[in-house]
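Participant: need a structure here:
(4 chains)
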There are 2 protein chains.
Amino acid sequence: MTVAPYQRIVADIAERIADGRLRPGERLPATRRLARDHGVALATATKALAVLQQRGLVVAKPRSGTVVAGGSTLTAPGGGSTVTAPAMVPRGPMTTADIVRAAIEIADAEGLAALSMRGVAAKLGVPTMSTYRHVESKERLVALMADTAYGELEADDPGPGWRAAFEAVGRTLWALYRRHPWLAHVTPLTRPLPLPNLLRHSETFLGPLAGRGLDATARLDLQVMLLTHIQGLAVQLEAETQAQAATGLSEDDWMDEHGPALAAIAATGRYPGFAALMGDFAADGGYELDLDRIFELGLRTLLDGLAATVFADQDRA
Amino acid sequence: MTVAPYQRIVADIAERIADGRLRPGERLPATRRLARDHGVALATATKALAVLQQRGLVVAKPRSGTVVAGGSTLTAPGGGSTVTAPAMVPRGPMTTADIVRAAIEIADAEGLAALSMRGVAAKLGVPTMSTYRHVESKERLVALMADTAYGELEADDPGPGWRAAFEAVGRTLWALYRRHPWLAHVTPLTRPLPLPNLLRHSETFLGPLAGRGLDATARLDLQVMLLTHIQGLAVQLEAETQAQAATGLSEDDWMDEHGPALAAIAATGRYPGFAALMGDFAADGGYELDLDRIFELGLRTLLDGLAATVFADQDRA
DNA sequence: ATGCTGATCTGTACGACGTACGCAACTGTA
DNA sequence: TACAGTTGCGTACGTCGTACAGATCAGCAT
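Facilitator: I've put the predicted structure just below:
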C-alpha cells in the first residue's frame, strides 16, 4: 500500500503551493525537470501535473509552462454538469460525456458489476487507456455517472402543499432508480461527490419546508431520510432485474431448496406468527415480492407519519 | 459465457434424478466413470458431485459410491445455522464455520470490497484453494456470512403492543448493521439465500401482527418495508466508517472543492429553499450527517404513519 | 533551424482477483 | 491387490484497474 510515485509528486507540489513557496502565477518546474528530479518517467510527471490541474491547483499554459492557479480561472461556462467535473479537456473526437454516457448504458443494461473500463473503451471503439485521458479513475467515472443520472431529475410542479411536494420528490426518485438500478449502489452520502445535482433537485422538497420552524439540519434530515428510504428499496432492484435469470435459480427453485427448512422452523411451535404466515402462504399461493407495492406502502406510511408529527399543526391551520 | 464442464455434468445428473431415471438410493456412476464419459479430468467430475451433494440431491457414501438422496437424510442436528448450509463436511482441522468467521472479521474491519478468498485463506493460514473444499464460491461464502450475521439477531421481549414490537425489531436490526456494515450491501431479497434466520427473527414483529385483518402479504410487506428502510440507511454506514479516512478526503476538503459550486447554485435565485438551507448552514456551522439521528427520525415517522393508518382502529379500541 | 516546452495517444505490464483444473497422495472396501 | 471416493494443494487462465514507458506532435524561444 505504498503511495504511487505520481502521488508523491502531487503531494509535494500541493504542499509547496499551500505554504506559499509557490505562489499564484508562478511557474512550476518543467515536466522533464520534475521527472529527472524525482527519478521517474516523463509520463509519470505528466500524470502528476494532470491531477494537479484537475484539482484546479495549477493551470497549464500550453507551449510555455504550467503555472499556479489563483486568478480568474474558475468560471468555465460549459453546458450541463460542469459542477463536479471541472477541468478535463472536451475537444477531440471523444469527450468525457461520451465516456459517461457509454458507461451508463452498460450499467443500465448489465449492472454496475459488469462495468469495466475495458468494456467502456470497447463500446466506444477506442483503446482502453485512452479513456484515462478523460476520467481520472473508475471511481471518478462512477461518481460522474451518478451525478449525470441525478441530473436527469426534473421537478414537475407538484401543486401546493408539503404532502404533494414530498410525494413528487419520492416518485421522481423512484422512477430514476427504476431507470438506473445501479444508481442505488452508489452511496452519495458521507463522501458526497455526486451531490450537487441531487441537492438541486431537492428544491421541490425544500421549498415548501422553508419557514415552518424547522432548522436547516431538521430540513435536510428529512430529505436524507426520504432519500435513503427509497434507496434501500432501490438497492433490491438490480438483483431483481438481473441475477435472477442469469443464474437459472428461479423463485421456485429457491422454494424447493429452502421450503423444508422454513417449514421446519414453523413446525417448532416457537414462532406462531411466522407459522401463521407460512400457513397463509401455503393456502393462497405464496408471497410475491413487488417492489413497487412496497414503495407505495413506504411512501404512504412516511407521509402519514409526517402528517401526524412534523406537520401536525400545519394542516389544522 | 459457455457453461463450465462441471456444470454440464451437474445439470445432466440433476435432470436424470428429476425425471426418475435415477431414483433415491440408487448409485451414481463412479467418479472416474463420469470423468471418462464426459471427457474431463477426475477433479472436474469430483467437483460436480460435490455440488450435487451441497444441493442435497445426492449423498456420498465414502468408500462405496454416491447415491441419490431422498430418505431420512435431512435432519442433521448441528448447532446454529445448519439451515442454509446443509452438507459440507465439518470434520478436519478447518470447518466451514471457521472460514465464515474469518471472512466476517475481515469484512467487519475492512469492508466487503476488501474481502477476498486469498485473504480469508491467509488469515486462516491455509492455502487459498483449500477454502474451496468448504465453500462452493465466494458468492456462497457471502451468503453464509449474511445468514450467520442475521443469526445473531436475538429478540428480547419488547413488551406488549405492536408499536414496541416494531420498534424493537428496528433497533435490533440497526444495531446489527452497525456491527456488520457490510451486511447492508448483501441484498437478501428476490434471490433470498440468507432469509431463514432473518425470517425467524421477524417473529417479534409478526407475532403482534397476527389476527388483525391483515392478510399474509400485507404482513410480510410491512416487514420488508422496515427491512429495506433500515438497510437503505445502513448502506451508508460502510462508507462512513471506512472510505473517509482511507482517501484522506475529509468533509472539509469536500466543502472546499464543492462549496463554490453549491454557492453558485444557491446564487441563481431559482432555488430559494436550497439557498435558505445554505444560508442557515453558513450561519451555524454546517450540516453534520448523523446516521443514528436519521435512524431515529425514520423509525419514529414510520411508527407514527402506521399508527395513523394500519393500526388506527387498534389503538382506539 | 534547433532545442525546448507541454500535450496527446496508445501499448505493455503488474499485481490483484475468482476459480477451473490437474495431479498426487490417502483411506478404506471388495 | 485393485479400486472406490476423498483430500489437499499447486498451477494457470482470464479478468480487472491502472501505472508507466515511449513515440510523436505542435508551437515557442533562441
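
Participant: now the nearest residue to A:Glu152 once chain neighbours are set aside: how far from DNA strand D?
Facilitator: For A:Glu152, the nearest residue in space outside its immediate sequence neighbours is A:Leu176; the separation is 6.3 Å by CB to CB, 6 or more residues apart in numbering or on different chains. Heads up, the C-betas are built off the backbone N, CA and C, glycines and all. A:Leu176 sits at a distance of 24 Å from DNA strand D (criterion: CB to the nearest atom of the strand, to the nearest Å).

Participant: Quick check: A:Leu176 touching A:Ala184?
Facilitator: No. At 9.6 Å, A:Leu176 and A:Ala184 do not qualify as touching, with contact defined as CB atoms under 8 Å.

Participant: circling back to that earlier point, contacting residues for the residue nearest to A:Glu152?
Facilitator: For A:Leu176, the contact set (CB atoms under 8 Å, 6 or more residues apart in numbering or on different chains) comprises A:149-150, A:152-153, A:183.

Participant: quick one: secondary structure of A:Leu289?
Facilitator: When the structure is split into helix, strand and coil by DSSP: H, G, I helix; E, B strand; the rest coil, A:Leu289 lands in coil.

Participant: coming back round to it: wait, which of the contacts of A:Leu176 is closest to DNA strand C?
Facilitator: Minimum distance to DNA strand C across the contacts of A:Leu176 is 24.2 Å, recorded for A:Leu183 (CB to the nearest atom of the strand).

Participant: for the residue nearest to A:Glu152, helix, strand, or coil?
Facilitator: Following three-state DSSP, we place A:Leu176 in the helix state.

Participant: Show the pLDDT at it.
Facilitator: pLDDT recorded at A:Leu176 is 95.

Participant: what does the one 5 residues further on give?
Facilitator: pLDDT, the model's per-residue confidence, is 93 for A:Pro181.

Participant: That one contacts A:Ala113, doesn't it?
Facilitator: No. Counting by CB under 8 Å, A:Pro181 sits too far from A:Ala113 to count as a contact (11.5 Å).

Participant: More neighbours: those two, which one.
Facilitator: Shown here are A:Pro181 and A:Ala113; by other CB atoms under 10 Å in any protein chain shown, A:Pro181 has more neighbours (21 against 12).

Participant: Let me know the distance separating that one from DNA strand D.
Facilitator: 18 Å.

Participant: now A:Ile265
Facilitator: 29 Å.

Participant: again, but for A:Leu199
Facilitator: Shown here: A:Leu199 relative to DNA strand D, a distance of 26 Å by CB to the nearest atom of the strand.

Participant: And the pLDDT at that residue?
Facilitator: The predicted local confidence for A:Leu199 comes out at a pLDDT of 76.

Participant: Could you check how far it is from B:Ile265?
Facilitator: Relative to B:Ile265, A:Leu199 is positioned 7 Å away (criterion: CB to CB, to the nearest Å).

Participant: who touches both of these two?
Facilitator: Taking CB under 8 Å, 6+ apart as the contact definition, A:Leu199 and B:Ile265 share the neighbouring residues B:Phe274.

Participant: Between these two, which is the more surrounded one?
Facilitator: A:Leu199 (23 against 19).

Participant: Torsion angles phi and psi at A:Tyr287?
Facilitator: phi -90, psi 130 (degrees, to the nearest 10).

Participant: residues contacting it?
Facilitator: Contacts were defined as CB under 8 Å, 6+ apart; by that measure A:Tyr287 touches A:281, B:216-217, B:220.

Participant: Good, we can wrap up now.
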